[in-house]
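K.L.:
got a predicted model here, sequence first, then my questions.
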Amino acid sequence: MKTVSISLSPNTEKDDVCLALKELFVKEKIKGKSINEFEKIFKESLGFEKVFSLNSGRSSLLIILKALEIEKNDEVIVQALTCNAVINPILKTGATPIYVDIDDTLNIDPTLIEEKITKRTKAIIIQHTFGMPAKIEEIKNICNKHNLYLIEDCAHSLLAKYKNDYCGKFGDVSFFSFGRDKIISSVYGGMIAVNNKNLYQQIENAYEKLDYPDKKWVKKQIRHPILMNLFILPLYNFFNLGKIILELSLRSETLSKAVCSLEYEGILPDYFPRRMPNSLAKMALNQFKKVERFNSHRREIAKYYKKELGGVFEINENAVYLKFPLIVNNSEYILKEFKKYNILLEDGWTKKVIVPPKTNLKKMNYTLGESKKAEEMSQKMLILPTHINISKEIAERIVYILKSLI
Ligand SMILES: Cc1ncc(COP(=O)(O)O)c(C=O)c1O
């Protein structure tokens with residue numbers, strides 16, 4: 001059986017591999033018409049007035065914070081149980097991330113926000129964790145009351161809905177990610193969407209100053225779906241050949257890492273912030289055309305997991321279930337056992353309140369003990385894949401194995 005993975009190029013289908021192969025030989029990888037095409041279809045499909053494409057969610061958030069003139073001595077509220085890719089742009093501006101604990105939905109607990117607001121607070125970032133919308137209305141009311149900007153982090157929630165409109169339509173400004181294991185993937189990619197008309201010009205001014213990434217960086221991303229799907233995943237356990245190819249490709253920088261070592265220590269590498277290059281826009285556009293099918297599939301697989309395994313997360317038609325979280329007491333053991341069946345469930349979103357687990361919490365301005373629920377959940381969380389390459393048969397196999405382990 002081909003290796004099943006939650007995070008190694010999960011969304012890629014044959015047409016994506018073919019597109020990437022062609023793109024390797026295209027001369028103009030940086031500028032081109034796919035950028036405008038992708039921005040246009042994205043903007044019109046979600047009903048935004050203004051969008052700006054970038055090379056990652058990280059870049060998008062940094063540009064938003066700069067445009068909002070967030071700087072040293074300012075504070076930005078975020079939820080605990082997040083990714084260092086959210087915290088590092090805040091640190092880059094010189095501002096301080098202030099953590100609020102989560103509730104049972106893995107999203108920020110609105111009842112705990114106000115006690116963290118000070119004179120220095122400038123903005124609240126809400127994350128719709130794993131595609132399950134946060135309690136936007138309550139949080140928006142808090143922002144209005146205290147005159148704070150609301151930034152929606154839609155990295156996990158492309159086309160998720162809250163009260164009949166898309167996540168991303170409620171904040172002053174929002175951002176999306178098209179990273180390798182997100183709702184759609186161009187390996188690296190992001191989008192800013194602006195709702196507050198007063199911010200159009202500020203965001204545009206900050207964006208105008210940006211460069212494109214260099215060709216070498218872009219090629220690294222184009223190779224990702226090709227190497228993963230033609231060599232690494234099919235050969236993963238064949239005398240460990242796939243594993244070895246992956247390791248060598250990362251070491252030789254033939255492929256990129258999702259998070260580089262500097263980022264664990266609170267430093268954004270210099271290829272952020274950048275604009276989205278044409279080749280990646282082409283790949284993202286191809287995926288975007290398939291997003292409704294991807295998300296219906298995710299919802300069906302999530303429904304199946306819920307029916308078979310239960311768990312505290314309710315299934316509803318508004319969420320998009322990038323992944324399906326379960327709370328278990330022996331996640332470490334389960335992950336190890338699944339490897340024996342050639343199923344890789346390790347995706348970096350466990351063990352720490354700021355992931356990946358190698359992240360230095362001190363550098364993130366996080367003190368152990370400050371968000372108890374997030375710390376507890378991160379220890380007990382097991383995350384199941386829902387992506388388009390998880391067939392019903394694979395999901396059944398995952399459930400069957402899991403039932404024997406919990
Ligand atoms: C919740 C969340 N927000 C933001 C990001 C940043 O997105 P990107 O990887 O495109 O920089 C990520 C992923 O890394 C994420 O998981």
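P.N.:
Received the coordinates, thanks. The structure presented is a predicted model; accordingly, all values stated were derived computationally and were not measured.

K.L.:
what parts of the stretch 151-300 of the chain come near the ligand?
P.N.:
Contact residues (CB under 6 Å from any ligand atom) of the stretch 151-300 of the chain with the ligand: Asp153, Ala155, His156, Ser177, Gly179, Gly190. (Glycine included, C-beta is placed from N, CA and C.)

K.L.:
so which of the residues you listed are in helices?
P.N.:
With helices identified by DSSP state H, none of the entries of these belong to them.

K.L.:
format the residues you listed as JSON lines; extra columns: pLDDT and neighbour count.
P.N.:
What follows is those, written out as JSON lines (pLDDT from 0 to 100; neighbours: other CB atoms under 10 Å):
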{"residue": "Asp153", "pLDDT": "98", "neighbour count": "29"}
{"residue": "Ala155", "pLDDT": "98", "neighbour count": "28"}
{"residue": "His156", "pLDDT": "98", "neighbour count": "25"}
{"residue": "Ser177", "pLDDT": "98", "neighbour count": "30"}
{"residue": "Gly179", "pLDDT": "98", "neighbour count": "23"}
{"residue": "Gly190", "pLDDT": "98", "neighbour count": "30"}
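
K.L.:
Tyr341: neighbouring residues, count only.
P.N.:
14 (other CB atoms under 10 Å).

K.L.:
state which helix of this structure is the longest.
P.N.:
Taking DSSP H as the assignment, the helix of the chain that covers the most residues is helix 291-309.

K.L.:
for it, buried residues please.
P.N.:
Burial within helix 291-309, assessed by neighbour count using 16 or more other CB atoms under 10 Å, is assigned to Val291, Phe294, Asn295, His297, Arg298, Arg299, Ile301, Ala302, Tyr304, Tyr305, Lys306, Leu309.

K.L.:
which residue ranges of the stretch 151-300 of the chain form helices?
P.N.:
Defined through DSSP state H, counting those that start in this stretch, the helices belonging to the stretch 151-300 of the chain, from first to last, are 200-208, 215-227, 241-251, 261-264, 278-288, 291-309.

K.L.:
which of those sits closest to Gly369?
P.N.:
Each of the helices of the stretch 151-300 of the chain was scored for nearness to Gly369 using CB to CB, and the closest is helix 261-264 (20.7 Å).

K.L.:
before we move on, the earlier item: reformat the helices of the stretch 151-300 of the chain as JSON lines; add mean pLDDT.
P.N.:
Listed next are the helices of the stretch 151-300 of the chain as JSON lines, based on pLDDT from 0 to 100:
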{"stretch": "helix 200-208", "mean pLDDT": "97"}
{"stretch": "helix 215-227", "mean pLDDT": "98"}
{"stretch": "helix 241-251", "mean pLDDT": "97"}
{"stretch": "helix 261-264", "mean pLDDT": "98"}
{"stretch": "helix 278-288", "mean pLDDT": "98"}
{"stretch": "helix 291-309", "mean pLDDT": "97"}
